[in-house]
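> Below are the sequence and a predicted model for it; my questions follow.
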Amino acid sequence: MNNQDRIASDYTICVNNKKNSSKLCLILAGYKPFLWDNTLKRIKNIVPFDYDVCIVSSGRYSDKLKNVAQTNSWTYLSTIKNNVSIAQNIALCNFPQAKEIFKIDEDIFITNNFFETLPQTYMVAAKKSNFIPGVIAPLIPINGVCYVNILKELNLEKLYSQRFEYPKYASGVKVKIENSVEVAKFFWGASGEIPQLDRLNAQFEAKKFKFIPTPVRFSIGAIYFKRELWEKMGMFKTGKGSGMGADELHINKYCFCKSRPILISLNSVVGHLSFTQQNQEMSKFYEQNTELFSQIL
């Protein structure tokens, strides 16, 4: 497969507000509209004014997303083919001047200083550590890697073990962090042990500057990387059908095999609503507990 196959879809730039910035915030959205008033509003409140912001819908078009882009002076791009890798590749090709990329999924709730902490972590890692960074990610409570570190920092490993299972660095549906609705609710503060997201982020921001490499496959709902990494990868591999997970698998493999690790900042926390097996119940929980998800500025 050549690079042309990885951008093989017709598309429409529904709203064009390109700033030709060297920094791009790429938002994958189109399938969870009930979250947009919160997740997209958070991005609006936090993203620096001089960044390009592009909403990308894979395989569909949304009037609401078009209106959001128009209101916020963002760009909105919609592809005909539903393949998340192709959609991202097309978007990145349409912003050739963007050297620094933030990719955010529509079910990610970003927090204060997200756009500052991740590049800083990359810079420090590149200049003052034993790593050659590939990707920087924040802590994400509902994530097969990050939840362990959050439990450790909050001294909740024992409680979690008693209530759910012993925490392990692991991705996949066999671990409760990815399949249990009760675990998802726990990390969103339903029982009070985990602070509200913005307070949790402030708590980790205040800690000593630190980052760690991910020991296993990392789910890439919110990441920061340089354009040169994407170019050396030969863009994102497309996979079959909608290509769900193909981009994640490709970047994980590339970073591991090319000694460009995915590094996790321990000073930034963002929220992730849930994984596939948790989605149906967590959408109801979200609607019934808006105070746990609403931004505290």
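Alright, I've got the coordinates. What you see is a predicted model; the values in this text were computed from it and never measured.
> which residues of the stretch 51-200 of the chain fall in helices?
Assigned by DSSP state H, counting those that start in this stretch, the helices in the stretch 51-200 of the chain fall at 63-72, 84-93, 114-128, 146-153, 157-163, 176-179, 181-187, 197-205.
> And the residue nearest the centre of the protein?
For the chain, the residue sitting closest to the mean C-alpha position, by C-alpha atoms, centre = their mean, is A222 at 1.6 Å.
> okay but that one is in contact with D107, surely?
No - contact criterion C-beta atoms under 8 Å: A222 and D107 do not qualify, at 10.0 Å. Glycine gets a C-beta too; all of them are placed from N, C-alpha and C.
> Mutual contacts of those two, please.
Residues touching both A222 and D107 (C-beta atoms under 8 Å, 6 or more residues apart in numbering): H272.
> mind giving me JSON lines with the helices of the stretch 51-200 of the chain and columns for mean pLDDT and distance to Q4?
JSON lines is the format used below for these (pLDDT from 0 to 100; distance: least, C-beta to C-beta, whole Å):
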{"stretch": "helix 63-72", "mean pLDDT": "98", "distance to Q4": "27"}
{"stretch": "helix 84-93", "mean pLDDT": "96", "distance to Q4": "10"}
{"stretch": "helix 114-128", "mean pLDDT": "98", "distance to Q4": "30"}
{"stretch": "helix 146-153", "mean pLDDT": "97", "distance to Q4": "36"}
{"stretch": "helix 157-163", "mean pLDDT": "98", "distance to Q4": "47"}
{"stretch": "helix 176-179", "mean pLDDT": "96", "distance to Q4": "35"}
{"stretch": "helix 181-187", "mean pLDDT": "98", "distance to Q4": "40"}
{"stretch": "helix 197-205", "mean pLDDT": "98", "distance to Q4": "41"}
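> Please identify the deepest-packed of those.
Of the helices of the stretch 51-200 of the chain, the one with the most neighbours on average (mean count of other C-beta atoms under 10 Å) is helix 84-93, at a mean of 24.
> Now N112: phi and psi?
Backbone torsions of N112, given as degrees, to the nearest 10, read phi -50, psi 140.
> So what's the residue count around it?
Using other C-beta atoms under 10 Å, N112 is surrounded by 18 other residues.
> show me what contacts it?
Contacts of N112 (C-beta under 8 Å, 6+ apart): 46, 198, 201-202, 205, 297.
> try S294
N38.
> nearest to K258, of the helices of the stretch 51-200 of the chain?
Nearest to K258 among the helices of the stretch 51-200 of the chain is helix 114-128; the distance by C-beta to C-beta comes to 14.8 Å.
> how far away is the nearest residue to E178 once chain neighbours are set aside from Q88?
Distances taken as C-beta to C-beta, 6 or more residues apart in numbering put F275 closest to E178, at 4.4 Å, once the chain neighbours are dropped. Distance, F275 to Q88, by C-beta to C-beta, to the nearest Å: 20 Å.
> Got phi/psi on I262?
For I262, the backbone dihedrals (degrees, to the nearest 10) come out as phi -80, psi 120.
> any idea of the pLDDT on it?
We have a pLDDT of 98 for I262.
> For the chain, which residues score under the pLDDT cut-off?
Per-residue confidence for the chain (pLDDT under 70) gives these ranges: 1-2.
> circling back to that earlier point, take the helices of the stretch 51-200 of the chain and lay them out in TSV including distance to L35.
Output for the helices of the stretch 51-200 of the chain, formatted as TSV (distance: least, C-beta to C-beta, whole Å):
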stretch	distance to L35
helix 63-72	12
helix 84-93	17
helix 114-128	17
helix 146-153	20
helix 157-163	26
helix 176-179	19
helix 181-187	14
helix 197-205	13
